[in-house]
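Q: predicted coordinates and the sequence they were generated for:
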Amino acid sequence: MEINLVKIFKPFLDNPIFKETSSLVEQNSQGKIWIIGWFVYKNLASSLYGTVQYEYDIAFIVEHKNEILKKVDDWNIEVNSYLNPNYVREGNKMSFTDIHKTIRASGFGSQTIEDFILYTPLNIQSIAYDILDDKLIGDIGINALKEKIVKVNNLAQAEFYAQRKNK
């Protein structure tokens, strides 16, 4: 029996913190929005394997991000290690990046979400949820979840990430 990961993931879209951060992204971007990172794969793993749900740091990729973020009550704007401004507050943070300004070990810019997730440091990170089209993208990440195997997906990117994060 095939597991419907989209159906499993959809209830997490009703999380109040997700709704709030998603609204911030919508107010500060144009075009498509994809959810990436921990919020996607940790919550899918939570449903599949009974691990803890995740809502702390929600990450998005957008088609076009505003150069200047709107000031919002209860949120501060801080620049992350990739020099990308994002919203943070006590107990929560979120990040969103313009797909054309992603920083990779090979330089700047992914032109498509498929390119972006193909070169993630770990295989489990190679997954994204397309909000508009209501679908999961990324066979590498989907297979990592189903097979319960986390491994390096792109060594150059993993080393680059570790250097940026001082890890």
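A: Everything's here; your move.
Q: need the residue closest to the centroid of this protein.
A: residue 36 (2.0 Å; CA atoms, centre = their mean).
Q: ok, now which ones touch that residue?
A: 59-61, 116-117, 125, 127-129 (CB atoms under 8 Å, 6 or more residues apart in numbering). C-beta here means a position set from N, CA and C on the backbone, and glycine is covered the same way.
Q: could you do residue 93 as well?
A: Applying CB under 8 Å, 6+ apart to residue 93 gives the contacts 56-57, 86-87.
Q: for residue 20, state which of those is nearest.
A: In terms of CB to CB, no member of the contacts of residue 93 lies closer to residue 20 than residue 87, at 9.4 Å.
Q: count of residues packed around the nearest residue to the closest one once chain neighbours are set aside?
A: Spatial nearest neighbour of residue 87, excluding adjacent residues (CB to CB, 6 or more residues apart in numbering): residue 75 at 4.3 Å. Residue 75: 19 surrounding residues under other CB atoms under 10 Å.
Q: how close does residue 75 get to residue 30?
A: Per CB to CB, to the nearest Å, residue 75 is found 20 Å from residue 30.
Q: for residue 97, phi and psi?
A: Here is the backbone geometry of residue 97 (degrees, to the nearest 10): phi -130, psi 140.
Q: just the helices from this protein, written as ranges.
A: 5-9, 16-27, 38-49, 113-118, 139-147, 155-164 (DSSP state H).
Q: comparing these, which comes out most buried?
A: Neighbour counts (mean count of other CB atoms under 10 Å) averaged over each of these peak at helix 38-49, with a mean of 20.
Q: next one: it to chain centre, how far?
A: Its chain's average C-alpha position is 13 Å from that of helix 38-49, according to CA atoms, centre = their mean, to the nearest Å.
Q: report the rounded mean pLDDT for it.
A: The average pLDDT for helix 38-49 rounds to 97.
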